[in-house]
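Asks: Provided below are the primary sequence and the corresponding predicted coordinates.
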Amino acid sequence: MTDSFPFHHFSGSHFEVGRQHGEALQQQISVHLERLQRRFERQGFSIAQAETAALGYRESIQEVSAGLDHEIQGLADGAGISIGAAYLLQLRAEVFVELVGKHGAEQECTTFAILPERGEEGRGFVGQNADLPAMYHDLMAVVHLAVDGEPEVLMVTPAGQISYIGLNNAGLGVFGNYLHCASWRRGFPRYLYTRVALREGSVAAAEAALRGLHRASSRNVIMLDAGGSAVDLENTAETMVAISPTDGYLVHANHYVEPSLQHNESNPWLENSQLRYERLAGLIATGGSSLSPATIADMLRDRSDVGNELSIYPEDDDREIAEEDRNMTVTSVIAEPGRGQFWVASGPPSRYEFRKFSFDAASSSESVL
């Protein structure tokens, strides 16, 4: 299948970028909020309660970046929604934990970084299979953000969410994984870590910026820059530990690898996460020293262990739950920060081909993997 996510370009001030986002994706944002409403109501909470809880994090965002707060205000204006609803779109995980008292995540994501020493022609790659509830599959978009005074950003994100996964034109790629731990609190929310990091041009500068945050929640962050530096940052709300590449690559799933953080582990799908981690690491380790986007795409399509596959179909999730809550790979992304481009599959990569997007063009005829 060759379906592709819609592509949008937003430019100007933070407020203008948010307003354009809200206008362009207004219909999908409305659907996103309707689905969140059902998700919270199934747990006994109203959407109004969720919006109020989300606004409790606003001050923490304003303290770090007035611009991101302005972008969320612009989003509300463009989409014709309340500021509470616009904030909820950025904070659904934190609000779920705060109101429901438990994590709402499913099996979640598998990420990687491949250093130039392992890539063909000295090229480095970073990316992930992004696993989310099926409700997000038709809400994803590719966006090119050109905010005044900041590096330009290419990102894949759900409609209405101003930060998820991607790269900038300064040569930095930023991806992430859900991590389960008990220490969530009011503070700067996890999805916005990406936008903070993408204001920088190197892994070192981005790591320093993330370490300076009063974090609300845990989110593993994996990064690669055009100079070939890579790091994986495992964290709780209070603690962050850097993991360096081994044999020219990094892999992560949804459990703590760093021994000093493993006492925080509370992932109910721990074995699944460990198996995905081991399989992708094994594929990269045995893949040689000339890995290309095409060979990486084949790795991300792995379904050799159904039940613990890397490329997840919604029908693989046979739990007695709402269909839109079933886990699936909503997108797969392979980014090349050194050349300012990424390849995006609009669903499980074993069912969908990858399309190339770059800062120069939305796609190209030779883009399919």
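Replies: Thanks, I have it. Being a predicted model, the structure only gives us computed values, none of them experimental.

Asks: number of nearby residues for Asp317?
Replies: Other residues near Asp317 come to 18 when the count uses other C-beta atoms under 10 Å. All C-beta spots, glycine's among them, are computed from the backbone N, C-alpha and C.

Asks: isn't it up against Asn327?
Replies: Yes. With contact defined as C-beta atoms under 8 Å, Asp317 reaches Asn327; the gap is 4.8 Å.

Asks: show me the contacts for Asn169.
Replies: By C-beta atoms under 8 Å, 6 or more residues apart in numbering, the residues touching Asn169 are Pro151, Glu152, Val153, Leu154, Gly340, Phe359.

Asks: got the contact list for the last one?
Replies: Translated: Phe359. Phe359 neighbours (C-beta under 8 Å, 6+ apart): His144, Glu152, Leu154, Asn169, Gly340, Gln341.

Asks: ok so, going back, return the closest of the contacts of Asn169 with respect to Arg185.
Replies: Closest approach between the contacts of Asn169 and Arg185, by C-beta to C-beta: Val153, at 27.6 Å.

Asks: Provide the secondary structure category for the closest residue in space to that closest one that isn't next to it in sequence.
Replies: Take Val153 and drop its neighbours on the chain: the residue closest to it by C-beta to C-beta, 6 or more residues apart in numbering is Leu145, 4.3 Å away. Following DSSP: H, G, I helix; E, B strand; the rest coil, we place Leu145 in the strand state.

Asks: ok, Leu145 to Arg19 distance?
Replies: Distance of Leu145 to Arg19, given as C-beta to C-beta, to the nearest Å: 13 Å.

Asks: more crowded one of these two?
Replies: Leu145 (28 against 22).

Asks: list the contacts of that one.
Replies: Here Leu145 is in contact with Phe10, Ser11, Val17, Glu152, Val153, Leu154, Met155 (C-beta under 8 Å, 6+ apart).

Asks: could you check how far it is from Leu250?
Replies: Distance from Leu145 to Leu250, by C-beta to C-beta: 26 Å.

Asks: and if you look at Val95?
Replies: Val95 is 30 Å from Leu250, by C-beta to C-beta.

Asks: ok, Glu278 next?
Replies: For Glu278, the distance to Leu250 - C-beta to C-beta - is 14 Å.

Asks: one more: Asn235?
Replies: Asn235 sits 15 Å away from Leu250, taking C-beta to C-beta as the criterion.

Asks: which of these two has more neighbours?
Replies: Neighbours per residue (other C-beta under 10 Å) separate Asn235 from Leu250, with Asn235 holding more: 27 against 24.

Asks: need the contact list for the closest residue to that one other than its chain neighbours.
Replies: Closest residue to Asn235 apart from its sequence neighbours, by C-beta to C-beta, 6+ apart: Ser218 at 5.6 Å. Residues near Ser218 by C-beta under 8 Å, 6+ apart: Tyr178, Leu179, His180, Cys181, Ser183, Trp184, Arg190, Asn235, Thr236, Ala237, Asn264.

Asks: which parts of this structure are strands?
Replies: Per DSSP state E, the chain carries strands over the ranges 7-12, 110-114, 125-133, 140-147, 153-158, 165-168, 172-178, 219-225, 230-235, 240-243, 249-252, 327-336, 341-345, 354-358.
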